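[1] return atomic coordinates for the entry below.
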Amino acid sequence: MLAIAAAEQPDLPDDTGLIPLTRNEIAHLAAIAPLARLYPPGHHHRWSIWRRRHQHRAKQCHYQRRWVSDRS
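    The predicted structure is shown next:
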């Protein structure tokens, strides 16, 4: 089910602040699915969003730093 959702996911616009679901992220979410009952509802989804937002910010900072150093 997660793989189908990721395959159908369009490219996210930059203003969402998230990277698209990656193969590793989908594999992680599928692997922890049996543990879902141990955590509050939505915990893993919120964690995935936080992680993808963090990766998006890191990517932006990396590109900005590279752009500044290339212009020097």
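
[2] would you mark the buried spots in the helix or strand where H45 lies?
    H45 belongs to helix 43-71 when elements are defined using DSSP states H and E. Neighbour counts over helix 43-71 (16 or more other C-beta atoms under 10 Å) mark 44, 48, 52, 56 as buried. C-beta here means a position set from N, CA and C on the backbone, and glycine is covered the same way.

[3] for it, which helices and strands make contact with it?
    Identification of packing neighbours for helix 43-71 by 3 or more C-beta pairs under 8 Å, 6 or more residues apart in numbering; DSSP states H and E yields helix 23-31.

[4] between the helix it packs on and helix 43-71, how big is the angle?
    Going by axes from the mean of the first three to the mean of the last three C-alpha atoms, to 10 degrees, helix 23-31 is angled at 170 degrees with respect to helix 43-71.

[5] tell me which element P41 is part of?
    For P41, there is no enclosing helix or strand under DSSP H and E.

[6] and the gap between it and R51?
    Applying C-beta to C-beta, to the nearest Å, the value for P41 to R51 is 18 Å.

[7] shaky segments in this structure?
    For the chain, the stretches flagged by pLDDT under 70 are 1-15, 72.

[8] for the residue nearest to the spatial centre of the chain, which non-adjacent residue is spatially closest?
    Central residue check for the chain by C-alpha atoms, centre = their mean: the C-alpha nearest the mean position is that of R52, 2.6 Å away. Nearest residue to R52, sequence neighbours excluded (C-beta to C-beta, 6 or more residues apart in numbering): L18, at 4.4 Å.

[9] the one you found: how many residues sit nearby?
    By other C-beta atoms under 10 Å, 19 other residues sit near L18.

[10] and stretch 26-41, what's buried?
    By neighbour count on 16+ other C-beta under 10 Å, the buried set for stretch 26-41 is 26, 28-29.

[11] measure it end to end?
    One end of stretch 26-41 sits 18 Å from the other (C-alpha to C-alpha, to the nearest Å).

[12] over to stretch 37-47?
    By C-alpha to C-alpha, one end of stretch 37-47 lies 15 Å from the other end.
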